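Colleague: kindly generate the corresponding structure for this input.
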Amino acid sequence: MNMRKIFAVFAALLGEVLIIALLLLFRGDLPNNILWLNGIVCSLAYVTFVWILFVKWERSNDENDAWIGSLGINLVSLNLYSIVAIALVLFMNYLPFISPVSIKYQLLIHGILIFFLVLFQYFSYSAAEQVKNVGKSKQQQTEYLTEMKNAAQRLQDSAFITEGVDQSIRNMIEGLQRDIRFISPLRTDAAHEIEKSFVEKADEVTAAFYNYKANEANIAKQIGLLKHIVENRKKMYN
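Modeller: Here you go, the predicted structure:
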């Protein structure tokens, strides 16, 4: 355990001890059931207030930073709950010259407050899921396009290491790579189908370079087809 965690645990425990001490010190004539209820509510409110001391801000396993989408709702709802809960404890039990509110009404009020806390936690979870889905959607948009770029790079590498390849063939492959750079990611199935067809065809041409002399004419023809596929993909927009 590092020093940060040690100080956080120490501060949290010290705060809880102070809460219990204050409740006992200013107990007055409160019955035991209300005193216990106040202790539970104050402790819960305190936990919702100090939880941030133990937050792990770096989330390497959260690729889409989905937890950030829920952070604002969490901070507002938990801090608001802690403030309102403590205010209600003081209002219902410690106003001068006024008897404490009946335990059943206090339970009801705190129950309603916890209901809203749980409801806001649901909203927080929903916000995180929405951010996660948006991240996945963007990732899917670029997935096949990235594969196109990788396939074109594999094709260029094969042309580079193969002896006797005509310079016009290499120029055509370089032209493919340049054209792919100007393609914008799309989420449509039609765009993904074209991107996948390019990858499949490009890998076939890459394999043909292992016997370049026998496949030279066909390679030139297939690269022309790849250029046509890229042109069709470039014509597609959101």
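Colleague: this protein: helices as residue ranges?
Modeller: Under the criterion DSSP state H, the chain contains helices at 3-25, 32-50, 66-93, 103-161, 167-181, 189-208, 212-234.
Colleague: CSV for those helices, including mean neighbour count and mean pLDDT?
Modeller: (C-beta placed from N, C-alpha, C; glycine too.) Shown next, in CSV, are those (neighbours: other C-beta atoms under 10 Å; pLDDT from 0 to 100):
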stretch, mean neighbour count, mean pLDDT
helix 3-25, 12, 83
helix 32-50, 17, 89
helix 66-93, 17, 82
helix 103-161, 15, 82
helix 167-181, 15, 87
helix 189-208, 17, 87
helix 212-234, 15, 87
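Colleague: need the pLDDT of the residue of the chain positioned farthest from its centre.
Modeller: The C-alpha centroid of the chain is most remote from residue 97, which lies 51.9 Å away (C-alpha atoms, centre = their mean). Here, the pLDDT recorded for residue 97 equals 71.
Colleague: phi, psi of it?
Modeller: Backbone torsions for residue 97, taken as degrees, to the nearest 10, come to phi 70, psi 10.
Colleague: list the contacts of residue 178.
Modeller: By C-beta atoms under 8 Å, 6 or more residues apart in numbering, the contact set of residue 178 is empty.
Colleague: my error: substitute residue 150 in the last question.
Modeller: Residue 150 makes contact with residue 199 under the criterion C-beta under 8 Å, 6+ apart.
Colleague: same question, the one 5 residues further on
Modeller: Counting by C-beta under 8 Å, 6+ apart, residue 155 touches 173, 176, 202, 205, 206.
Colleague: one more time with 7 Å, if that's ok
Modeller: Going by C-beta atoms under 7 Å, 6 or more residues apart in numbering, residue 155 touches 173, 202, 205, 206.
Colleague: of all the residues you listed, which comes closest to residue 54?
Modeller: residue 202 (50.2 Å; C-beta to C-beta).
Colleague: hmm, that closest one is touching residue 152, no?
Modeller: Yes. If you go by C-beta atoms under 7 Å, residue 202 and residue 152 touch, sitting 6.3 Å apart.
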